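[1] Kindly return the folded structure for what I paste below:
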Amino acid sequence: MVNCGRPVANKRLAQKELAHNQEMHRKRIQGMKPTIDTKAPSTLYMRHLHCNLKREQLLEERYQQIDSDNRMLLQKMSDIMRKPISLNLAAKKGPSSLNHAARKAELKKITYDNHRFLHQLQRTGPVIDRAEMEEHAASSWKFYQNSIEYPDVLYGGKAKSVYDAEMASRQAGGAGVFGNSHSAQMYDNAYEEASQYAQQEESRPAAVQDHKKLVRKEGQQIGNEYFLIEMATDGRTLEISAYDQSCGATYTLTVNEKNHRALVRETNQDYGKVAGRLAIKDKRLVIEPSKLDATAE
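    Here you go, the predicted structure:
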């Protein structure tokens, strides 16, 4: 196509000339030769580049060594099969291992460290003082009772006295503790829900209610016999059981919350000291008084 911006005398001749010039340009491009020699180098066909004689020599030596080792192994196996079997059952002289004593000493050290770590874990007391938390809870309960505006209906046992007062006031013909009927109805509903929850808690099996934590489990000698001592507590009472391995008898002892707190204060929360005061008297498991108590008496 002729460029419309350039004036020409004859458009057909200009178009023909343009086509001729494009064809000549195309031929020149096709016949163009590179200025860089891209032919394969003459060293490509050298023999030592295609055949690595040194590598072949190393492989041949390796194969010869393998064949020699195989022949020697086969010869030894053949000799073993020809000779009669003789078992030397004579006792060995000297130790079976050169480092037996060192390994035994290391094993003893590891066992000792493990026992010491276990005793440290058992003697470690709790970080939180339960008695202090209970005193704080009791103080908070007193503040709560003094600050509430209406009678408490959140706790079934503590709301019973208020409920009895409400019923007595109604039977006497009064307006009740709560005044209007709407407040009384709200109280009745809350009290019924609290009572149902208390009944559900009481009907739960003992296995679910009992959340005891094992605080000590260790073998201990009491008197002339060896017992397996287990101590478990739910934060209030302390359950102690002693199993006699010789006769298979089990002795149990339940320490109430008051005595349990006293033992914790005396022993500084060390149940190992409590276990050291255990004794069997008249086929019963008892806790002997401490030496300080005996001296004071």
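[2] Need the nearest residue in space to residue 269, chain neighbours excluded.
    The shortest distance from residue 269 to any non-neighbouring residue, by C-beta to C-beta, 6 or more residues apart in numbering, is to residue 125 (3.5 Å). C-beta: built from backbone N, CA, C; applies to glycine.
[3] residues touching the one you found, list them.
    If you count contacts by C-beta atoms under 8 Å, 6 or more residues apart in numbering, residue 125 has them with 268-270.
[4] Return the members of the residues you listed classed as buried.
    269-270 (16 or more other C-beta atoms under 10 Å).
[5] so which of the contacts of residue 125 comes closest to residue 258?
    residue 269 (16.3 Å; C-beta to C-beta).
[6] how much space is there between the closest one and residue 124?
    As defined by C-beta to C-beta, to the nearest Å, residue 269 lies at a distance of 9 Å from residue 124.
[7] pLDDT on the helix or strand containing residue 20, on average?
    Using DSSP states H and E, residue 20 maps to helix 11-30. What helix 11-30 shows for mean pLDDT is 93.
[8] any idea how far that helix is from the chain center?
    86 Å (C-alpha atoms, centre = their mean, to the nearest Å).
[9] Tell me the helix or strand right after that helix.
    Using DSSP H and E, the first helix or strand after helix 11-30 is helix 47-50.
[10] immediately after that next one, which helix or strand?
    With DSSP H and E, the next secondary element past helix 47-50 is helix 53-82.
[11] starting at the chain centroid, how far to that following helix?
    55 Å.
[12] what's the answer for stretch 105-116, then?
    24 Å.
[13] Same check on stretch 102-121?
    23 Å.
[14] which residues make contact with that stretch from outside it?
    Contacts of stretch 102-121 (C-beta under 8 Å, 6+ apart): 97, 272.
[15] Which positions in that stretch come out as buried?
    Counting neighbours by 16+ other C-beta under 10 Å, stretch 102-121 gives no buried residue.
[16] Also stretch 237-244?
    238-243.
[17] So for it, mean pLDDT?
    Here the average pLDDT along stretch 237-244 is 88.
[18] likewise stretch 105-118?
    For stretch 105-118, the per-residue pLDDT averages 93.
[19] so how far is residue 30 from the residue most central in space within the chain?
    Residue closest to the average C-alpha location in the chain (C-alpha atoms, centre = their mean): residue 121, at 17.5 Å. Remark: distance between residue 121 and residue 30 (C-beta to C-beta) = 92 Å.
[20] next one: residue 108
    93 Å.
[21] that older thread, what helix or strand is the residue nearest to the centre of the chain on?
    Counting by DSSP H and E, the element that carries residue 121 is helix 100-123.
[22] Following the chain onward from that helix, which element is next?
    Next along the chain after helix 100-123, with elements defined by DSSP H and E, is helix 130-147.
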